[in-house]
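Participant: below are the sequence and a predicted model; questions follow.
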Amino acid sequence: MSEQDIYEEHVLDHYEDPYHRGEFDNATHAHDGKNPLCGDVIHIDLKLSDDGRIEEAWFSGAGCVISQASASMLIEKIEGKTLEEVNQFSATDMLELFGPKLTPNRQKCCLLSWRVLQTAVHSPVGSASEETNGEEGDDDGNANFGGPSLSEES
């Protein structure tokens, strides 16, 4: 079995049997994001301890094998880590964690969950920063939309 075969098997294992995929009701922090070029969507829920450690992490979403498998790998990797350790985990680290070499467009699929995580650790549940869909309304029930987020323009 070649190294590439081992990498591909590892990716498929995470896609077919993901780590902590699903809804998590006890989240203290959460965020979601999408890759508008391909439609991949990732939502991350985190339970942070008082001392800034990730006690539990879950994800949900839809998309390609790369986006979903990399989210599973990332969630498994960050559980038990401190916020400092998470902040030091770079995009390059994420690509190395994933394994197989990817084209620049496919790297975006792999890095989606990493980008969502970077915001989730700073987004307490129930805060304004968690509202990402632009569908908040005013008192008259009219929707307010402030335009696309920066992530949607890249």
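Facilitator: Alright, I've got the coordinates.

Participant: contacts for stretch 110-130 next, please.
Facilitator: 27-35, 40, 42-46, 48, 54, 59, 61, 63, 66-67, 70-71, 74-75, 78, 83, 86-87, 89, 91, 94-95, 98, 102, 151 (CB atoms under 8 Å, 6 or more residues apart in numbering). Just so you know, the C-beta spots here come from the backbone N, C-alpha and C atoms, and that holds for glycine as well.

Participant: which among these count as buried?
Facilitator: If you count burial by 16 or more other CB atoms under 10 Å, the buried members of those come out as 27-35, 40, 42-46, 48, 54, 59, 61, 63, 66-67, 70-71, 74-75, 78, 83, 86, 89, 94-95, 98, 102.

Participant: so which of these sit within helices?
Facilitator: Among the buried ones among the contacts of stretch 110-130, the members falling in helices (DSSP state H) are 66-67, 70-71, 74-75, 78, 83, 86, 94-95, 98.

Participant: so the longest helix anywhere in the chain versus helix 65-78, what angle?
Facilitator: Counting residues, the longest helix found in the chain (DSSP H) is helix 104-120. If you take axes from the mean of the first three to the mean of the last three CA atoms, to 10 degrees, helix 104-120 sits at 40 degrees to helix 65-78.

Participant: how about helix 104-120 as PDB, C-alpha atoms only?
Facilitator: Once non-C-alpha atoms are left out, helix 104-120 reads as follows in PDB (Å, rounded to 0.1, in the frame of the first residue of the first chain):
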ATOM      1  CA  PRO A 104      -5.400  25.600  -4.300                       C
ATOM      2  CA  ASN A 105      -9.100  25.400  -4.900                       C
ATOM      3  CA  ARG A 106      -9.300  22.100  -2.900                       C
ATOM      4  CA  GLN A 107      -7.200  23.700  -0.100                       C
ATOM      5  CA  LYS A 108     -10.200  26.000   0.400                       C
ATOM      6  CA  CYS A 109     -12.400  23.000   1.100                       C
ATOM      7  CA  CYS A 110      -9.900  21.700   3.600                       C
ATOM      8  CA  LEU A 111      -9.400  25.000   5.300                       C
ATOM      9  CA  LEU A 112     -13.100  25.900   5.700                       C
ATOM     10  CA  SER A 113     -13.400  24.200   9.100                       C
ATOM     11  CA  TRP A 114     -10.100  25.700  10.300                       C
ATOM     12  CA  ARG A 115     -11.400  29.200   9.400                       C
ATOM     13  CA  VAL A 116     -14.800  28.500  11.100                       C
ATOM     14  CA  LEU A 117     -12.900  27.300  14.200                       C
ATOM     15  CA  GLN A 118     -10.800  30.600  14.300                       C
ATOM     16  CA  THR A 119     -14.000  32.500  14.700                       C
ATOM     17  CA  ALA A 120     -15.900  30.000  16.800                       C
END
